[in-house]
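# Coordinates for the following, if possible.
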Amino acid sequence: MTCPARGSRRSCGRPRRLPGPGSRRGALHFAEVHAGRQDRVASLANLCQAVLAVGQGRLAAAGEWVLNEKRLTERAGLGSVQDQLRRPDQDLGTLVSGVRAALELRDDVWMGA
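Model prediction:
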């Protein structure tokens, strides 16, 4: 895969501002709001959006070019979150809390190292 901005294979360089945290926070907020209303579909959709935003951000920070979401969660080290989302019978509030905890950005990439 070639980075359209630079023309090089699989490396677009490290971005100045990492994508993901803003959209992650918004998606998690709305997932929680919808969970409070027991709107399972809207809550799950926002949780999935948050996971994809964090995955895109992690891979961008690592200089990996991603064209689509195929295997994005595994490549970004978020397989455990995907496992949580596979249990549709879980209480929505518990699920939102678990995904929020799993997506906290505490690794070196997000801490500015």
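# When you work out contacts or count neighbours from here on, use the C-alpha atoms and nothing else.
Will do.
# Check this structure for its longest helix and report it.
Determined from DSSP state H, the single longest helix within the chain is helix 40-61.
# Tell me which residues are up against the helix or strand just after that one.
Next helix or strand after helix 40-61 toward the C-terminus (DSSP states H and E): helix 72-75. Here helix 72-75 makes contact (C-alpha atoms under 8 Å, 6 or more residues apart in numbering) with 51, 52, 55, 56, 59, 66, 79, 82.
# Mind listing what's buried along helix 72-75?
By 16 or more other C-alpha atoms under 10 Å, the buried positions in helix 72-75 come out as 72, 73.
# continuing past that helix, what's the next helix or strand?
helix 79-85.
# what's the offset of that next one from the middle of its chain?
Relative to its parent chain, helix 79-85 has a centroid offset of 11 Å by C-alpha atoms, centre = their mean, to the nearest Å.
# can I get the CA coordinates of it in PDB?
Written as PDB, here are the backbone C-alpha positions of helix 79-85 (Å, rounded to 0.1, in the frame of the first residue of the first chain):
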ATOM      1  CA  GLY A  79      -8.800  -7.600  20.000                       C
ATOM      2  CA  SER A  80     -10.000  -7.800  23.600                       C
ATOM      3  CA  VAL A  81     -12.500  -5.000  22.900                       C
ATOM      4  CA  GLN A  82     -13.800  -6.800  19.900                       C
ATOM      5  CA  ASP A  83     -14.400  -9.800  22.200                       C
ATOM      6  CA  GLN A  84     -16.400  -7.700  24.600                       C
ATOM      7  CA  LEU A  85     -18.600  -6.500  21.700                       C
END
